[in-house]
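Asker: Kindly return the folded structure for what I paste below:
(2 chains)
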Protein chains: 2
Amino acid sequence: MSGFRHVVMFRWQPEATAEQREAAISALGRLKEEVADLGRLSVGLDAGLAEGNADVVVVGDFPNSEAYLAYQSDPRHTKVVTEYLRPIIAERVALQYEL
Amino acid sequence: MSGFRHVVMFRWQPEATAEQREAAISALGRLKEEVADLGRLSVGLDAGLAEGNADVVVVGDFPNSEAYLAYQSDPRHTKVVTEYLRPIIAERVALQYEL
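Answerer: This next block holds a predicted model:
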């Protein structure tokens, strides 16, 4: 498997409402369809198997780092970050690597 | 793509030596081969494209949650965690989800 992978995990703010969380997940679901031209996103909600886990992960698989960087600055992506995610995220950790 | 995914990200302790970090990455590389019967591990070192990223990610893809749980308690895995990772990890965040 070759390509370039972006992994980001979030923890919601405790005060984030269920509606805000659902809206954010739906926005990520739409983004997944919209940016299919750039790469393949997998969005996961924690299955609850362990204490202290993050709430959400996005794993983005891209053909190369250029496609990832295009995604990162793409207005379709930045809109989801600024309007849906940033307002209700308490913690974010990310990493990108060559597959 | 169906199955069950485990994602874990680490930040090294600042005082972790290069030798300790390399030994941990090699141990993860060996683990990847050893547990191929349970699932497929992808180990990534941060590409350095962004400030504040984690240092290492492991993405484990398993046929189902049972295979993941078997991996989680497998002595080949726990040995790597206790002998190589835990001594030099400053932060760890994980999540598991149905693909």
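Asker: Please state the offset of the helix or strand containing residue A:42 from the chain centre?
Answerer: Here residue A:42 sits within strand A:40-45, counting by DSSP states H and E. Its chain's C-alpha centre and that of strand A:40-45 lie 7 Å apart, by C-alpha atoms, centre = their mean, to the nearest Å.
Asker: just the residues of chain A that are near chain B, which are they?
Answerer: A:1, A:4-5, A:7, A:9, A:42, A:44-47, A:49-50, A:53-57, A:59, A:65, A:68-69, A:91, A:93-99 (C-beta under 8 Å from any C-beta of the partner chain). For glycine as for every other residue, the C-beta is placed from the backbone atoms N, C-alpha and C.
Asker: May I see the PyMOL selection of the buried members of those?
Answerer: Filtering the residues of chain A next to chain B down to the buried ones (16 or more other C-beta atoms under 10 Å in any protein chain shown) takes a single PyMOL command:
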select buried, chain A and resi 4+5+7+9+42+44+46+47+49+53+54+55+56+57+59+65+68+69+93+94+95+96+97
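Asker: Isn't residue A:44 up against residue B:97?
Answerer: Yes. Here residue A:44 lies in contact with residue B:97, judged by C-beta atoms under 8 Å, at a distance of 3.0 Å.
Asker: Identify the contacts common to these two.
Answerer: A:57, B:5 (C-beta atoms under 8 Å, 6 or more residues apart in numbering or on different chains).
Asker: What's the local residue count around residue A:76?
Answerer: 13 (other C-beta atoms under 10 Å in any protein chain shown).
Asker: Show the pLDDT at the nearest residue to residue A:59 once chain neighbours are set aside.
Answerer: Among residues not flanking residue A:59 along the chain, residue A:42 sits closest, at 4.5 Å (C-beta to C-beta, 6 or more residues apart in numbering or on different chains). Each residue has a pLDDT score; the one for residue A:42 is 97.
Asker: residue ranges for the strands of chain A, please.
Answerer: Here chain A has its strands, by DSSP state E, at A:4-12, A:40-45, A:56-62, A:89-98.
Asker: Give me the sheet partners of the shortest one and which way each runs.
Answerer: Right, strand A:40-45. Paired strands of strand A:40-45, with direction, are strand A:56-62 (antiparallel) (DSSP bridges).
Asker: Now tell me what touches stretch A:6-24 from outside.
Answerer: With C-beta under 8 Å, 6+ apart, stretch A:6-24 has contacts from A:54-60, A:62, A:68, A:71-72, A:80, A:84-85, A:87-96, B:7, B:9, B:44, B:57, B:59, B:93, B:95.
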